[in-house]
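In: Whatever this is, show me its structure:
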Amino acid sequence: MQPTKEQSLWMYENIVVSRRFEEAIEKVYLEGKTPAFNMANGPIPGEMHLSNGQEPVAAGVCAHLGADDIVTATHRPHHQAIAKGVDLKKMAAEIFGKSTGLSGGRGGHMHLIDPAVNFSCSGIIGESCGPACGAALSRKMQNKPGVAVAFLGEGAANQGAFHEALNLAGVWNLPVVFVIEDNSWAISVPKSEATAVARNDVRATGYGMPGHYIPGNDPYAIFDVAGQAIARAREGKGPTLIEVETYRLAGHFMGDAEQYRPEGEKEALFAKDPIPKMRDRLISDGYAAKDIDKIEKRAEARVAEAITFARDSAYAPQTDALTAVFV
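Out: Numbering: from 1, shown residues only. This next block holds a predicted model:
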């Protein structure tokens, strides 16, 4: 399955928007945090997990999704949220903790939710799997359209919730696709030291579903395999497990010294940056450079508008701390 021209350009634009958005967020995040790093300082306090390098996974999968489909995502969610169509301005405002954010600034970057496009994420490792099964079950029981996609990291594949969710999905033949973004590092622990199998796709057999492994962080291969899995779910044929080899170009979080990485690893990963690789592929496939330039300029404009919106928005009144909570 190969993407159409429109789908190829859509994927590239989402990948570029995600990268430019995170570059802008990184710049703002570091304000007030230098020379001595203190994550409590600056206009965006707290932890910040960037997804730069992993953008092809979200774009290749979400190219097949519509408004009726559900995505549950991770603590590293920006690329997934952007590819699912989350409002960029409201997303930026939420990260800034502003009243115009998706949740009025209450959730921050690890707890983004946009019911308009059926997107949510959580900072809890492996948490995406259960809600995705629940959403898929609701669609099946109500005979409504829509499939669910759960994104997670390779470290989360060792959580009990992951295995319980796959078992239920297999037993109930749910329209759900589990997508593991394997960036090789669960915080600072390499996959080889934490996981008994070299590839998590082999675990699919134990739960009665197909498993696929996609090497090379290739958006076209991701599009192909994800398209087949999502079509299978739509046809009532049940769940699929996909693991994608991807690359985390930043640390686990902003401020991570990354001393656990072997010497030369990051330099090698930057040489595999998916954005210039996809740009070259588009041009070799006959797409005009001027059209790609327009996409890149449009992405930069969207990001600049979102950051300006977030900066200019007001913080919620202190009394909002007592609203939207359980008592």
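In: Three-state assignment for residue 111, please.
Out: coil (DSSP: H, G, I helix; E, B strand; the rest coil).
In: show me the contacts for it.
Out: By CB atoms under 8 Å, 6 or more residues apart in numbering, residue 111 lies in contact with 103, 121, 122, 123. Every residue, glycine included, has its C-beta placed from N, CA and C.
In: The first one in helix, strand or coil?
Out: With three-state DSSP as the basis, residue 103 sits in coil.
In: Quickly find the element holding the residue nearest to the spatial centre of the chain.
Out: Closest residue to the average C-alpha location of the chain: residue 80 at 2.9 Å, with CA atoms, centre = their mean. Assessed by DSSP states H and E, residue 80 sits inside helix 78-84.
In: Now neighbour count too, for the contacts of residue 111, in TSV please.
Out: Listed next are the contacts of residue 111 as TSV, based on neighbours: other CB atoms under 10 Å:
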residue	neighbour count
103	15
121	28
122	19
123	16
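In: just curious, which of these is nearest to residue 146?
Out: Among the contacts of residue 111, residue 121 lies closest to residue 146 (CB to CB), at 18.0 Å.
In: Pull the residues that contact the helix or strand following the helix holding residue 80.
Out: Next helix or strand after helix 78-84 toward the C-terminus (DSSP H and E): helix 88-95. For helix 88-95, contacts defined as CB under 8 Å, 6+ apart pick out 17, 21, 25, 44, 78, 81-82, 99-103, 105, 107-109, 112, 114, 302-303, 305-307, 309-310, 313.
In: re earlier: now do the helix holding residue 80: which elements does it pack against?
Out: helix 5-29, helix 55-62, strand 70-73, helix 88-95, strand 119-121 (3 or more CB pairs under 8 Å, 6 or more residues apart in numbering; DSSP states H and E).
In: Now, of the contacts of helix 88-95, which are buried?
Out: 17, 21, 25, 44, 78, 81-82, 100-102, 105, 107-109, 112, 114, 302-303, 306-307, 309-310, 313 (16 or more other CB atoms under 10 Å).
In: pLDDT weak spots in this protein?
Out: Judged by pLDDT under 70, the chain has its weakly predicted residues at 326-327.
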